[in-house]
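Peer 1: quick check, what structure comes out for this input:
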Amino acid sequence: MNISVILGHPYEKSFNHAIASTVVETLCASGHEVFFHDLHKEGFDPILQGEELVTDSSDDSLVRIHCSEITEADGIIVVHPNWWGQPPAILKGWVDRVLRENVAYRFAEDDDGSGLPMGLLKARTAIVFNTSNTPEERENTVFGDPLERIWKDCIFDFCGVTDFHRRMFRTIAGSSENKRLEWLDEVKKMVSSNFPLDDV
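Peer 2: The predicted structure follows:
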């Protein structure tokens, strides 16, 4: 299977990077083809320019690569921190520029864009791994866990990805090395259970 792995975190020694490395290693060990992108390292430009929006195409070669790969992906895994209840700006820009109309979804020919979209992504399974320093009770009672709604309903369901899984690791600040190793083992198990050994 072709699996797209997208990392949105600027600090290479972050736990997000450790999660992404574990994801890639686990997928490769199971025989999957991995399209891995560290958005910061590769210098992904998150800014959607007006011309790109109205022409529905991009002159950015990196954006074109991402669009091509995401249409071929059998699965998608996204790794990012919880910043202000949202993905970091670089990842939001990736959504804007890559999960675009006629790549990730489209509307019927007679639809002006106000109707229900048709998801175009080949992938049927997506996993999102998040990190946070907000305790779970406060996240749920005060903020309502906006990342769950963003990724599950506003993005993946919109694009036709129906099998969605998400795991928030918290709290990262002050967590011990042993706890982080436990979390990484959980990442391995979650990835392996959703993307088992590839027999193709």
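Peer 1: after the helix or strand bottoming out on mean pLDDT in the chain comes which helix or strand?
Peer 2: One helix or strand of the chain scores below all others by mean pLDDT, DSSP states H and E: helix 136-138, with a mean of 72. Downstream of helix 136-138, the first helix or strand assigned by DSSP states H and E is helix 146-148.
Peer 1: run through the neighbouring helices and strands of the helix or strand following that next one.
Peer 2: Going down the chain from helix 146-148, the next helix or strand is strand 163-170, by DSSP H and E. Strand 163-170 is packed against strand 125-132, helix 146-148, helix 177-194, with contacts defined by 3 or more CB pairs under 8 Å, 6 or more residues apart in numbering; DSSP states H and E. Heads up, the C-betas are built off the backbone N, CA and C, glycines and all.
Peer 1: can you say which of the ones you listed is packed in most?
Peer 2: The highest mean neighbour count among the helices and strands packed on strand 163-170, using mean count of other CB atoms under 10 Å, belongs to strand 125-132: a mean of 23.
Peer 1: for that strand, which helices and strands make contact with it?
Peer 2: helix 15-29, strand 75-81, strand 163-170, helix 177-194.
Peer 1: from T55, how far out is D185?
Peer 2: D185 is 46 Å from T55, where distance means CB to CB, to the nearest Å.
Peer 1: contacting residues for the most centrally placed residue in the chain?
Peer 2: Most central in the chain under CA atoms, centre = their mean is V78, positioned 2.6 Å from the mean C-alpha point. Residues in contact with V78 (CB atoms under 8 Å, 6 or more residues apart in numbering) are V5, I6, G8, P87, L91, A126, I127, V128, F129, W151.
Peer 1: next: R180.
Peer 2: Taking CB under 8 Å, 6+ apart, we find R180 in contact with F15, A18.
Peer 1: cutoff 7 Å now
Peer 2: Counting by CB atoms under 7 Å, 6 or more residues apart in numbering, R180 touches F15.
Peer 1: count of neighbours near S176?
Peer 2: S176 sits with 8 neighbouring residues when counted by other CB atoms under 10 Å.
Peer 1: wait, F107
Peer 2: Neighbour number of F107 under other CB under 10 Å is 15.
Peer 1: just W84 next, same as before
Peer 2: Using other CB under 10 Å, the number of residues around W84 comes to 8.
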